[in-house]
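1. Coordinates for the following, if possible.
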Amino acid sequence: MLLRDYDRHGRTWALDPATGLLSPASGRCHGFVHAADEAAALYADPSDAVPVLWLQYGQRRWDCDAVTVRQFGAPDGSRHFTVRDARGAALELRYPAPDPGPFDPAYDWIDAEADDFFLWAAGRLTDADASSRTTLLAHFRAGFLPD
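-> Numbers count the residues shown, from 1 in each chain. Here you go, the predicted structure:
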């Protein structure tokens with residue numbers, strides 16, 4: 001599965017959905033990946049017989065229609081990202097807030113989303129009318145060229 005790196009402009013990765021491992025690649029992308037200790041990705045596999053938007057963290061992956069996600073900032077400055085499925089908490093991830101660098105008076109919500117894959121993913125997946133999920137699914141299945 002070819003995915004565009006969310007954090008590094010122009011980088012493309014091949015994700016093995018079974019192992020969660022990444023390797024450098026090139027070509028038409030079908031989603032985004034945050035490459036850290038564990039790869040976190042939001043993508044659609046164009047070979048799926050039934051269109052599915054997938055959320056993956058390491059080796060674990062979920063059909064986005066079968067889970068709810070939540071992302072929030074804690075008072076201590078850390079961030080929390082949770083995935084809940086029919087059995088309860090499937091993933092509870094605590095991570096440091098991205099460092100925006102030196103003070104920038106123009107830094108706003110768009111910049112905050114661009115700096116935090118989990119914030120961006122939660123925003124797309126918690127859309128009340130599901131329009132973001134529907135749009136992403138169509139876009140990711142068709143594929144897009146990395147910049």
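
2. How is Pro23 assigned, secondary-structure-wise?
-> Rather than Pro, residue 23 is Ser. When classified by DSSP: H, G, I helix; E, B strand; the rest coil, Ser23 comes out as strand.

3. Give the bridge partners for the spatially closest residue to it that is not a sequence neighbour, please.
-> Closest residue in space to Ser23, ignoring its immediate chain neighbours: Ala14 at 5.0 Å, by CB to CB, 6 or more residues apart in numbering. (C-beta placed from N, C-alpha, C; glycine too.) Under DSSP bridges, the beta-bridge partners of Ala14 are Leu2, Ser23.

4. Thought Gly20 was touching Ala14, still the case?
-> No: Ala14 lies out of contact with Gly20 (CB atoms under 8 Å); the separation is 11.9 Å.

5. tell me which residues of whichever helix in the chain runs longest are tucked away?
-> Ranked by residue count and defined by DSSP state H, the top helix of the chain is helix 131-142. Within helix 131-142, the residues that count as buried by 16 or more other CB atoms under 10 Å are Arg133, Leu136, Leu137, Phe140, Arg141.

6. pLDDT and distance to Ala66 for those residues - can I get that in a markdown table?
-> Conversion of the buried residues of helix 131-142 to a markdown table gives the following (pLDDT from 0 to 100; distance: CB to CB, whole Å):
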| residue | pLDDT | distance to Ala66 |
| --- | --- | --- |
| Arg133 | 89 | 12 |
| Leu136 | 93 | 16 |
| Leu137 | 95 | 14 |
| Phe140 | 97 | 17 |
| Arg141 | 97 | 18 |
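
7. Redo the residues you listed as JSON lines? Include distance to Gln59.
-> Shown next, in JSON lines, are the buried residues of helix 131-142 (distance: CB to CB, whole Å):
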{"residue": "Arg133", "distance to Gln59": "23"}
{"residue": "Leu136", "distance to Gln59": "22"}
{"residue": "Leu137", "distance to Gln59": "22"}
{"residue": "Phe140", "distance to Gln59": "20"}
{"residue": "Arg141", "distance to Gln59": "23"}
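
8. any residues touching the helix or strand of the chain with the lowest mean pLDDT, and which ones?
-> When each helix and strand of the chain is scored by mean pLDDT, DSSP states H and E, helix 109-115 comes last, with a mean of 76. With contacts defined as CB atoms under 8 Å, 6 or more residues apart in numbering, helix 109-115 is touched by Pro98, Pro100, Asp104, Leu119, Trp120, Gly123.

9. Sounds good, over and out.
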